[in-house]
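J.: Build the 3D model from these lines:
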Amino acid sequence: MEFAIAKVSTKGQIVIPSALRQDVHAGDVFLIIKDNKRIILKNLKSIGENIKEDLLFAERVEKAWQRYDGGKFTSKSKEDFLKELKAC
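T.: Have a look, this model is predicted:
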């Protein structure tokens, strides 16, 4: 196991020390998991495609709940909803 120490910037950014990022490239996307006081980074290129789809779906659902909580949703009748859905 390898380890290093990094400092969080005022913008919440962390630099992965060069000794630990041989397999990390610009544009890589990471899953970040927070469990109590532990933060885990997992490079998505090493996760199966179905997991990626599930995570993207979970992210969309979370954003939808945030919009709903912010009052950004409108009510529609079933008929209007289905009509709009068929138009897409």
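J.: domains of this protein?
T.: Following automatic domain parsing, one gets these domains for the chain: 1-47, 48-88.
J.: Which of those has the lowest mean pLDDT?
T.: When mean pLDDT is averaged over each of those, domain 48-88 scores lowest at a mean of 82.
J.: Near Ser9, how many other residues are there?
T.: Using other C-beta atoms under 10 Å, Ser9 has 9 neighbouring residues. From N, CA and C alone the C-beta is placed, and that goes for glycine too.
J.: Same check on Leu20?
T.: Residues near Leu20, counting by other C-beta under 10 Å, number 12.
J.: Where does Lys34 fall, secondary structure wise?
T.: When elements are defined using DSSP states H and E, Lys34 is found to belong to strand 30-35.
J.: what's in contact with that strand?
T.: 39-44, 47, 55 (C-beta atoms under 8 Å, 6 or more residues apart in numbering).
J.: cool, and stretch 2-22?
T.: Contact with stretch 2-22 is made by Val24, as judged by C-beta under 8 Å, 6+ apart.
J.: Kindly check the end-to-end length of it for me.
T.: When the termini of stretch 2-22 are compared using C-alpha to C-alpha, to the nearest Å, they are 12 Å apart.
J.: start at 34 instead
T.: Will do, 34 is the new start, and the previous item becomes stretch 35-55.
J.: Please compute how far that stretch lies from its chain's middle.
T.: Here stretch 35-55 shows a centroid-to-chain-centroid distance of 19 Å under the convention C-alpha atoms, centre = their mean, to the nearest Å.
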